[in-house]
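**Q** Sequence unavailable; structure follows:
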Ligand code: MG
């Protein structure tokens with residue numbers, strides 16, 4: 001069976017007054033990711049991992065920030081559209097693993113709900129999704145709480 005891996009990465013600034021939506025889950029936090037869409041860096045990194053593995057365009061090409069269509073867009077809808085395209089390209093999703101680097105919000109209390117939500121969006125069991133938080137050891141802008149960086153990796157299998 002043909003298997004393919006894909007890697008995704010995304011960074012967003014965290015700004016006061018923005019809703020904090022990560023991994024499709026709304027978190028009670030004083031800052032949230034800025035962006036043309038809702039800024040969900042976790043779902044954006046997953047989109048790039050999936051499209052990378054499937055040989056499709058990346059998130060910025062599919063949903064350009066110059067297009068008013070995607071202004072304030074719910075990234076869950078973008079991910080669902082990508083899952084559709086990955087299926088059309090002849091792939092099934094094996095698993096997805098995510099690292100979220102930030103000094104806040106705290107990821108550990110949100111892990112279970114993120115896994116459930118991402119699994120539902122990808123139409124796979126939550127057991128095929130993993131999410132881990134990582135702090136920055138006091139180094140740089142991310143450690144000052146000014147942003148969130150996300151890495152995602154996925155495995156796809158050719159269907160049939
Ligand atoms: Mg992004």
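**A** Looks like it arrived, so ask away. What you are looking at is a predicted structure, and each value in this text was computed from that prediction instead of being measured. Numbers count the residues shown, from 1 in each chain.

**Q** who in this protein is up against the ion?
**A** Residues of the chain that fall close to the ion, judged by CB under 5 Å from the ion: 10, 44. Where you see a C-beta, it was placed from the backbone N, CA and C, and this is true even at glycine.

**Q** How about the secondary structure of whatever residue of the chain ends up closest to the ion?
**A** Going by CB to the ion, the ion is nearest to residue 44 of the chain, at 3.5 Å. With DSSP: H, G, I helix; E, B strand; the rest coil as the basis, residue 44 sits in helix.

**Q** Enumerate every residue touching it.
**A** By CB atoms under 8 Å, 6 or more residues apart in numbering, the contact set of residue 44 is 8, 10, 12, 37, 59, 75, 78, 150.

**Q** rerun that using 7 Å as the cut-off
**A** 10, 59, 75 (CB atoms under 7 Å, 6 or more residues apart in numbering).

**Q** Let me see the contact set for the closest residue to residue 24 other than its chain neighbours.
**A** Using CB to CB, 6 or more residues apart in numbering and skipping the chain neighbours, the partner closest in space to residue 24 is residue 117 (4.1 Å). Residue 117 sits next to 23-25 when contact means CB under 7 Å, 6+ apart.

**Q** a strand runs through residue 117, doesn't it?
**A** No. Judged by three-state DSSP, residue 117 forms no part of a strand; its state is helix.

**Q** For it, give me the pLDDT.
**A** The model reports residue 117 with a pLDDT of 98.

**Q** Out of the helices and strands in this structure, which is least certain?
**A** Here the helix or strand of the chain ranked lowest by mean pLDDT, DSSP states H and E is helix 59-62, holding a mean of 87.
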